[in-house]
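> Predicted model follows, preceded by the sequence.
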Amino acid sequence: MSPVPSPAAPAPRAARRRVRWPAAALLVVTGLLLWWLVPFGQEQPSGKITFSTGVRTGVYQRYGQLLKEALDRELPRVTVTLRDSEGSQQNLARVASGEADFTIATADAVATYVQEGRPGADGLRGCTRLYDDYVQLVVPKGSRVRSAGDLEGLRVGVGQEGSGVRLLADRLLSAAGLDPAKDVRSVPAGIDTMPELLERGELDAFFWSGGLPTNAVLRLSERFPVRLVPLDQKLVDTVHAEGGPSRYYRSAVIPADAYPLAQDEPVPTVAVPNLLVTTDRMGAELTEGVTRTVIGSRDRVGRVVHPAQVVDLRTAIYTDPLPLHDGARGYYRSVKP
């Protein structure tokens, strides 16, 4: 009779540990990766947001398009929809009313909205101070206009009713001693149409306020001879004397290389900061994620929209005249040295 084989001896403990070790290691590595990608207790924000941008061919619109691409990458569980607009004033009304969730607006337009106590003004909150807009008064190269005061009796593009350009144009014309409603033939057009109207001789001049360079103005200068009219310190001082929202304007210079075919030297002008705006209804996590993406995408966006290159973490927190949103404050605290 053949001997009954004895049961296999159990593997030594060390061997058993070696058999199970690869699976254990995999669990540990997986856990560490998950912890690194999604910190414990913190979930990626999710939901849908609407971002109100600006007019076609304007800086707000292009910035919004590139920011959406960045948000799609960084916040994959958030669906972003863009809406064109006439500009700052309409943007603020949309966000305040809940038609949009985030937008860009100039600080003077924000101050005007708040000062006039418009619907929802108390709920507006700032996320980031972005880049400055520069006022550009554009005329044909052979125009007799040498200052804003020379616009009397002329056809002047002053921006659409809902734009921040309209606020600026009216204030600058008044500071130059002109009544915008009587002394000039104000044309309520935006940057998407004003260059063509000037080129066709249907406008004598137009005001635009945007980052440098604004593509619509740059392209106009490449096909039609134009120049920029100086807005000097005296004009800025007169505007500042009005107080209120006008205190957000500052003297600035458009560099000579901004529009090389339209200017051969720096041109004095007026600048005003842009703010990323939301409301106190927006959740802290989502607002923090949007703020982080705005700062983090600066270089990528700035390669296309040059004004975005100057978005600076050191000044981004200053969203006056709006209080800072709690979610944005949380982001700035997290990156504070």
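Received the coordinates, thanks. These numbers come from a predicted model, not from an experiment. Numbers count the residues shown, from 1 in each chain.
> Give me the distance between the two termini of stretch 101-112.
Terminal residues of stretch 101-112 lie 20 Å apart, using CA to CA, to the nearest Å.
> ranges for the strands of the stretch 51-200 of the chain?
For the stretch 51-200 of the chain, the strands defined by DSSP state E, counting those that start in this stretch cover 78-83, 102-106, 124-140, 155-157, 185-187.
> Just the mean pLDDT for the longest one, thanks.
Regarding strand 124-140, the rounded mean pLDDT is 97.
> what separates Y248 from L261, distance-wise?
31 Å (CB to CB, to the nearest Å). Heads up, the C-betas are built off the backbone N, CA and C, glycines and all.
> what about those two, which has more around it?
Y248 (20 against 15; other CB atoms under 10 Å).
> how far away is the residue lying closest to the more buried one once chain neighbours are set aside from V277?
Using CB to CB, 6 or more residues apart in numbering and skipping the chain neighbours, the partner closest in space to Y248 is A107 (4.1 Å). In this view, A107 and V277 are 10 Å apart by CB to CB.
> Domain map for this structure?
Split into domains by automatic domain parsing, the chain comes to 54-132+281-334, 133-273.
> Just send these back as JSON lines, with distance to E43 too.
Formatted as JSON lines, the domains of the chain follow (distance: least, CB to CB, whole Å):
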{"stretch": "domain 54-132+281-334", "distance to E43": "8"}
{"stretch": "domain 133-273", "distance to E43": "33"}
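> Now for E265: which residues touch it?
Residues in contact with E265, defined by CB atoms under 8 Å, 6 or more residues apart in numbering, are A256.
> Wait, a helix at it?
No - assigned with DSSP: H, G, I helix; E, B strand; the rest coil, E265 falls outside any helix and is coil.
> Against E288, how distant is D84?
In this view, D84 and E288 are 27 Å apart by CB to CB.
> Those two - which one has more neighbours?
E288 (22 against 15).
> excluding its backbone neighbours, what's nearest that one?
G327 (4.1 Å).
> Tell me the helices and strands packed up against the helix or strand containing the one you found.
Using DSSP states H and E, the element containing G327 is helix 326-334. Applying 3 or more CB pairs under 8 Å, 6 or more residues apart in numbering; DSSP states H and E, one finds that helix 326-334 contacts strand 124-140, helix 284-296.
> how about it: buried residues?
For helix 326-334, a neighbour-count test (16 or more other CB atoms under 10 Å) marks 327-332 as buried.
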